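Enquirer: Structure, please.
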Amino acid sequence: MPRKGCARARSFARGLLWAAGLTAVAAPLAVRGWSLAIEQSSVGVVLPDIRSGGWEITGNRADIRPTVTADGDSASFDFAPTSQIQTDRLAFAQGGQSLALSNLLTDLSQTKVQLDYGATGPWSERIAIHGELRMDAERIDHPRLVPQAWHFEGSVGGRLAALRIDGTLTSAAGLAADLEVQLDPDGAVTVTAEAVLDGPEDIRALAATFTDWPALLTVESGAVHLSVDAWVSPQDGLEINGRAELEKVTGVVNRTAVSGLSGEVRGALRQGQLTAGLRDMTIASINPGIPISEVRFSGDYTASTSSPLEGTLDIQQARAAFLDGRLRIPPGTYALANGSWQIPVELQEVSLGRLMEVYPAEGLSGNGRLQGRIPLEITSSGEVRVREGRVSAVDPGGRLQLPADKLQAMLGGNQAMNLVVQALQNFHYSVLNSTIDYDEQGKLTLGLRLEGRNPELRGGQPVVLNVNLEEDIPALLTSLQLSGRVNEAVTRRVREMLQESGKETAP
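Expert: Numbers count the residues shown, from 1 in each chain. Take a look at the predicted model:
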């Protein structure tokens, strides 16, 4: 995109020089003190193909109706309506980057071109363009873009070496962005683009424009202000700076409801280095089945462009409210090692009673507070594991009441565990310690140690229980999502996914 304006301008300049030849403007090079005016002549020119520096511009045809005014030093061309340049193909391929525009139509109506052929210096300094500009590409192909038509409408002004283009770029899907292109005499090109996305219709247009948009991401409300500054020069290559300001964005990510997402995301690409910064990110609620609220996050990510998923995450702040307690990731630097992230999550003052309430089974109750540390291992493919996490009760302990049928099911119907089942009908614990392991298949294993008593069992004598419990977390979350505890959109998506997999029949 940054060199597109420059290439088109050079192609356009060549066409003007051909037209100038047809109108006998070359004569002033030998004769002074004359003038010439031609009103709305019709000129049709087949322009030569251009192949240079990775660019290929082929099938150029000019069909213009200029009013020409010329004298011994300069000539001006005022273009009437229907003046246009057609280009079959404009393509760029270099350094793994590829861009192709097909059937490009440049409308020069209401555009004026000035040629100072009496001056010295390169033609890029002696050609000036001013006026309105319309461009239509029947199709643009790029690995990051959905192939479709694009339209630009705006203004152009300045000498060819320092040309400035301003206007609005719109995709066929409806994504609109304000665009500025500035050419510099040293060959550098600066591009600035800004877009404001307000509501689901604008977000759908964004999703239908970029190929990397997640298929299971749906935005229901909120606003996003996007801005991108790109700079490319023959000496230093490409540099990009981008920023996204999010305001109360609400939607669904896969099977998780997200509401009230606000904050600022900054990104940069410079000299083979990719950086991203998240500033003052807040989320009112993240709900995959068990809600996490009041999320606060700030951090930076750095990686090389050759290995974008093998970088370093520097967390300044990461905390949230969870089951009347808190979740926290300690500030620090976390690097991708051996293909996975190792990120510790701390539990503080989590309510056991609230945990029992959200579990999809009747008869569970309890009280007390939990604390612990869960080492999350997140692979580059998105899998999550936990190895040797630990959770314990905060003094002075509390009470547990688990229904016999549910407990028997969790214990696999083992008759040797009858004492455990009886004790946990009303267990007053002073010690609750648990190890936590979670594998890639979604199986959660709890190694639970309890010390306490049941007032109705063996006269309330002290009891020590060691119990291993297993839970299928994906199945548990599916149950919670189908129960309507998240929102209707998540419930509907889960039902559709189950129907597609054949695990649930359509109602």
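
Enquirer: Could you list the low-pLDDT ranges of this protein?
Expert: Low-confidence segments of the chain (pLDDT under 70): 1-41, 53, 94-97, 337-338, 409-416, 501-507.

Enquirer: all helices for the stretch 51-200 of the chain, in order.
Expert: For the stretch 51-200 of the chain, applying DSSP state H, counting those that start in this stretch gives helices covering 123-126, 200-207.

Enquirer: possible to save those as a markdown table with mean neighbour count and distance to Glu132?
Expert: Backbone N, C-alpha and C define where each C-beta goes, glycine included. As requested, the helices of the stretch 51-200 of the chain are exported to a markdown table (neighbours: other CB atoms under 10 Å; distance: least, CB to CB, whole Å):
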| stretch | mean neighbour count | distance to Glu132 |
| --- | --- | --- |
| helix 123-126 | 18 | 22 |
| helix 200-207 | 17 | 25 |
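
Enquirer: now these as CSV including distance to Pro291?
Expert: Shown next, in CSV, are the helices of the stretch 51-200 of the chain (distance: least, CB to CB, whole Å):
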stretch, distance to Pro291
helix 123-126, 61
helix 200-207, 23
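
Enquirer: Minimum distance to Gly442: which of those has it?
Expert: helix 200-207 (28.4 Å; CB to CB).

Enquirer: Return the distance of the next helix-or-strand element following that closest one from the chain's centre.
Expert: Per DSSP states H and E, the first helix or strand lying C-terminal to helix 200-207 is strand 217-233. Averaged C-alpha coordinates place strand 217-233 at 8 Å from its chain's average position (CA atoms, centre = their mean, to the nearest Å).

Enquirer: partners of strand 217-233, with directions?
Expert: strand 189-198 (antiparallel), strand 237-253 (antiparallel) (DSSP bridges).

Enquirer: Out of the ones you listed, which is closest to Val358?
Expert: That would be strand 237-253 among the strands paired with strand 217-233, by CB to CB, at 19.4 Å.

Enquirer: Now the element after the closest one, going C-ward?
Expert: strand 256-270.

Enquirer: what's the angle between that following strand and strand 237-253?
Expert: 180 degrees (axes from the mean of the first three to the mean of the last three CA atoms, to 10 degrees).

Enquirer: Between the helices of the stretch 51-200 of the chain, which one is closest to Thr312.
Expert: With CB to CB as the criterion, Thr312 lies closest to helix 200-207 of the helices of the stretch 51-200 of the chain, at 28.9 Å.

Enquirer: circling back to that earlier point, I'd like the strands paired with strand 217-233 laid out as JSON lines, including distance to His428 and mean neighbour count.
Expert: JSON lines is the format used below for these (distance: least, CB to CB, whole Å; neighbours: other CB atoms under 10 Å):
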{"stretch": "strand 189-198", "distance to His428": "55", "mean neighbour count": "18"}
{"stretch": "strand 237-253", "distance to His428": "41", "mean neighbour count": "17"}
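
Enquirer: what's the closest non-adjacent residue to the one residue sitting closest to the centre of the chain?
Expert: In the chain, the centroid-proximal residue (CA atoms, centre = their mean) is Trp213; its distance is 6.9 Å. Spatial nearest neighbour of Trp213, chain neighbours left out: Ala207 (4.2 Å); criterion: CB to CB, 6 or more residues apart in numbering.

Enquirer: burial count for the residue nearest to Arg139 when sequence neighbours are not counted?
Expert: Spatial nearest neighbour of Arg139, excluding adjacent residues (CB to CB, 6+ apart): Ser102 at 4.5 Å. By other CB atoms under 10 Å, 17 other residues sit near Ser102.
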